[in-house]
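Asker: sequence first, predicted coordinates after that:
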Amino acid sequence: MARKFLYFVAGIAILVIAGGFVLSIWSNELTRLAMVPRGEFVEQQPLDQNAYLDPDMWYSRPGIGTDDPSRWQPATAGVEQTPPPSSDPEQDYAVFFVHPTSFIDRSQWNAPLDDAESQRIARVYLRGMASPFNQASEIWAPKYRQATFGAFLTDSPEAQAALKAAYSDVRQAFAVFTASVDPNTPIVLAGHSQGALHLLQLLREEVAGTQLAPRIAAIYAIGWPISVEHDLPALGFPACATSAQPGCIMSWSSFAEPADPSQVLESYAASTGFDGTLRGDSPILCTNPLTGGTGGVAVATKNLGTLVPDDTMSSGELVPGAVPARCSNNGLLLIGDPPEMGGAVLPGNNYHVYDIPLFWENLHQNVAGRVAAWNPAQ
């Protein structure tokens with residue numbers, strides 16, 4: 001995928017995980033030096049065939065109970081949440097959610113499954129990013145031997161091997177998920193950043209054109225650029241054109257204004273699309289989380305609730321009307337003046353780590369509406 005696309009994302013590790021340390025000078029070279037592992041890639045042995053039958057291999061899945069981070073429900077500030085389209089407290093659909101990178105150790109290319117710190121951070125991410133799907137009857141979020149941050153800062157064979165190993169775990173977890181969910185239950189696929197990257201590969205290799213495809217009620221591949229020309233046709237699903245359309249893809253990357261996405265766009269332009277050709281200046285897919293459709297402009301009053309985190313990023317509350325959203329000509333999502341969301345805003349006014357929390361309640365209702373539209377369609 002795009003070399004150096006996650007240069008900005010590496011800042012999440014520094015700004016959020018490493019105790020608030022702030023870089024006064026942002027340098028790609030220094031970031032690469034600090035984050036890319038120096039050791040050789042250690043081949044990751046395949047997991048046991050039945051590894052994901054073990055509940056301990058999942059952050060979220062049926063039966064986990066109150067310790068499930070994806071089931072967290074934030075408090076509201078000022079107004080009550082608008083009821084979702086379904087009157088049922090839980091809708092009969094299953095979510096497969098792939099969490100973003102939470103491992104920054106440069107001593108190895110892939111996270112060990114017993115690494116306590118990366119698992120702690122992954123749970124924080126799931127509370128903020130998977131919780132908009134908490135109306136689902138089932139939420140499944142696997143642990144996996146994710147590639148470390150540094151793997152996204154180089155095109156080395158070691159980095160490619162680390163990503164391949166991480167995807168292998170996600171694919172194995174996905175097979176257990178699909179075998180476990182009732183065949184009449186619609187499925188929602190979601191992921192952010194590295195999780196979205198693996199999700200897109202799942203779509204191409206395991207879903208598009210298969211018997212599973214008609215069961216997909218919605219896809220949320222957020223925080224990773226999708227070329228409308230070079231990527232979207234290979235995914236087997238269209239971009240979402242309306243808020244009620246089932247079986248489509250939502251994707252966006254958030255920047256406050258004035259935005260400086262130059263490094264992201266340069267890396268995107270130099271990367272190879274799913275069709276084997278350079279992405280170049282091809283349009284990036286931008287679906288607007290406030291309208292539920294492709295492109296467009298929505299004022300802040302359309303935002304039903306931004307999840308504003310506390311200082312630890314382990315809790316927060318929903319604040320209505322906090323940010324607007326409009327898809328720019330370059331395919332990035334602009335959110336107006338920089339909102340106060342905490343210390344993880346990346347250079348260039350990049351709100352990558354907040355892509356989902358910025359629009360928490362709209363996404364909460366959007367997925368319910370798409371599943372409701374899917375049911376009669378089937």
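Answerer: Perfect, thanks for sending it. Keep in mind it's a predicted model, so treat the numbers as computed, not measured.
Asker: check what pLDDT Thr82 gets.
Answerer: Thr82 is assigned 47 on the pLDDT scale.
Asker: got any ranges where the stretch 151-300 of the chain has weak pLDDT?
Answerer: For the stretch 151-300 of the chain, no stretch has pLDDT under 70.
Asker: burial count for Leu334?
Answerer: Residues near Leu334, counting by other Cβ atoms under 10 Å, number 21. Using the backbone N, CA and C atoms, a C-beta is placed for each residue, glycine as well.
Asker: mind listing the residues bridging to it?
Answerer: Beta-bridge pairing for Leu334 (DSSP bridges): Phe255, Arg326.
Asker: equivalent analysis for Thr294, please.
Answerer: Using DSSP bridges, the beta-bridge partners of Thr294 come out as Thr287.
Asker: repeat for Gly191
Answerer: Applying DSSP bridges to Gly191, the residues it is bridged with are Val98, Ala221.
Asker: pretty sure it is touching His198, no?
Answerer: Yes. With contact defined as Cβ atoms under 8 Å, Gly191 reaches His198; the gap is 6.5 Å.
Asker: what residues are shared contacts of these two?
Answerer: Taking Cβ atoms under 8 Å, 6 or more residues apart in numbering as the contact rule, Gly191 and His198 both touch Val98.
Asker: can you give me the helices in this protein?
Answerer: Here the chain has its helices, by DSSP state H, at 7-12, 28-35, 116-129, 157-180, 194-202, 232-235, 262-269, 360-377.
Asker: any idea which of the ones you listed is most buried?
Answerer: Most buried of the helices of the chain by mean neighbour count (mean count of other Cβ atoms under 10 Å) is helix 194-202; its value is a mean of 25.
Asker: which one of the helices of the chain lies closest to Thr291?
Answerer: Nearest to Thr291, of all the helices of the chain, is helix 360-377, at 8.9 Å by Cβ to Cβ.
Asker: specify the angle between the closest one and helix 116-129 in degrees.
Answerer: 70 degrees (axes from the mean of the first three to the mean of the last three Cα atoms, to 10 degrees).
Asker: tell me the mean pLDDT over helix 360-377?
Answerer: Helix 360-377 shows a mean pLDDT of 90.
Asker: over to stretch 125-132?
Answerer: For stretch 125-132, mean pLDDT is 96.
Asker: which residues touch it?
Answerer: Stretch 125-132 is contacted by residues 59-60, 69-74, 95, 97, 99-100, 102, 139, 141, 190, 192, 307, 309, 313-316, 356-357, 360-361, 363-364, 367 when judged by Cβ under 8 Å, 6+ apart.
Asker: among the residues you listed, which are in strands?
Answerer: Residues of the contacts of stretch 125-132 located in strands (DSSP state E): Tyr59, Ser60, Val95, Phe97, Ile139, Ala141, Ala190, His192, Leu307, Pro309, Gly316.
Asker: neighbour count added to the residues you listed, as TSV?
Answerer: Conversion of the ones in strands among the contacts of stretch 125-132 to TSV gives the following (neighbours: other Cβ atoms under 10 Å):
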residue	neighbour count
Tyr59	23
Ser60	25
Val95	28
Phe97	27
Ile139	28
Ala141	30
Ala190	27
His192	26
Leu307	27
Pro309	23
Gly316	23
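Asker: now flag whichever of these is closest to Asp155.
Answerer: Each of those was scored against Asp155 by Cβ to Cβ, and His192 proved nearest at 22.6 Å.
Asker: from the ones in strands among the contacts of stretch 125-132, which is closest to Gly247?
Answerer: Gly247 lies nearest to Ala190 out of these, by Cβ to Cβ, at 14.3 Å.
Asker: spatially, what comes nearest to the closest one if we skip its sequence neighbours?
Answerer: Among residues not flanking Ala190 along the chain, Tyr220 sits closest, at 4.1 Å (Cβ to Cβ, 6 or more residues apart in numbering).
Asker: distance of the one you found relative to Thr185?
Answerer: From Tyr220 across to Thr185, the span is 18 Å (Cβ to Cβ, to the nearest Å).
Asker: which one's more surrounded, those two?
Answerer: A count of neighbours by other Cβ under 10 Å puts Tyr220 above the other of Tyr220 and Thr185, at 30 against 14.
Asker: so that one makes contact with Leu189?
Answerer: Yes. Contact criterion Cβ under 8 Å: Tyr220 and Leu189 qualify, at 7.2 Å.
Asker: show me what contacts the nearest residue to Asn110 once chain neighbours are set aside?
Answerer: Once flanking residues are discounted, Asn110 sits nearest to Arg145: 4.4 Å by Cβ to Cβ, 6+ apart. Arg145 makes contact with Gln44, Asn110, Ala111, Pro112, Leu113, Ala165, Ala166, Asp169, according to Cβ under 8 Å, 6+ apart.
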